[in-house]
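Participant: Provided below for reference: sequence and predicted model.
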Amino acid sequence: MFGFLAALLSGALMSIQGVFNTEVTKQSSLWVSTGWVQLTAFLVCVAAWLFTGRQDVSALFQVEHKYTLLGGVIGAFITITVIQSMGSLGPAKSVMLIVISQLIVAYLIELFGLFGAQKQPFEWRKVLGMLISIAGIVIFKWQK
């Protein structure tokens, strides 16, 4: 149940953050806004680290697959692309496309067992679910 609630909260926070970041970008610039997001996220993480046990940071240098350390780099590009999509398409259309993209990529990661994920068998019902989601976007975007 916790995972379900965390996922719902994550989606809600992502939508709110995207709107906030888009507004900051309009009043500053894309790189200033993105830098601010990353800097404030870093400061929150440092504060949380200080108050929750101070695990050894050197453990990062012992991570088995070094490419997994690129999450922060990817996070910066996520921030940039969310800002740009929300500025162009609006929050609802952007989030729908973002979620569909996440769903497709996540399924491919599971299907092929990429990046250490446990490989899952192909299931038509999952493909059908994605197609229904895509149809939902088409219906949502449909204009007379």
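Facilitator: All right, it came through fine.
Participant: by contact count, what packs against the helix or strand hosting Thr22?
Facilitator: Taking DSSP states H and E as the criterion, Thr22 maps to helix 2-27. Packed against helix 2-27 by the contact rule (3 or more Cβ pairs under 8 Å, 6 or more residues apart in numbering; DSSP states H and E) you find helix 30-51, helix 71-89, helix 91-112. Every residue, glycine included, has its C-beta placed from N, CA and C.
Participant: quick check, central residue of this structure?
Facilitator: With distances taken as Cα atoms, centre = their mean, Ile78 lies nearest the centre of the chain, 6.4 Å away.
Participant: from the chain's centroid, how far away is the helix or strand bottoming out on mean pLDDT in the chain?
Facilitator: Sorted by mean pLDDT, DSSP states H and E, the helices and strands of the chain end with helix 124-141, the least confident at a mean of 90. Centroid separation between helix 124-141 and its chain, computed with Cα atoms, centre = their mean, to the nearest Å, is 20 Å.
Participant: now it against helix 91-112, angle please.
Facilitator: Taking axes from the mean of the first three to the mean of the last three Cα atoms, to 10 degrees, one finds that helix 124-141 is oriented at 170 degrees with respect to helix 91-112.
Participant: before we move on, back to that, got a markdown table for the helices and strands packed on helix 2-27, with mean pLDDT too?
Facilitator: As requested, those are arranged in a markdown table below (pLDDT from 0 to 100):
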| stretch | mean pLDDT |
| --- | --- |
| helix 30-51 | 95 |
| helix 71-89 | 94 |
| helix 91-112 | 93 |
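Participant: quick one: work out the angle between the helix holding Thr22 and helix 71-89.
Facilitator: Relative orientation of helix 2-27 versus helix 71-89 (the same axes, to 10 degrees): 60 degrees.
Participant: angle of helix 2-27 against helix 30-51?
Facilitator: Relative orientation of helix 2-27 and helix 30-51, computed by the same axes, to 10 degrees: 140 degrees.
Participant: okay, buried residues for helix 2-27 please.
Facilitator: Buried residues in helix 2-27, counted by 16 or more other Cβ atoms under 10 Å: Met14, Ser15, Gln17, Gly18, Val19, Asn21, Thr22, Val24, Thr25.
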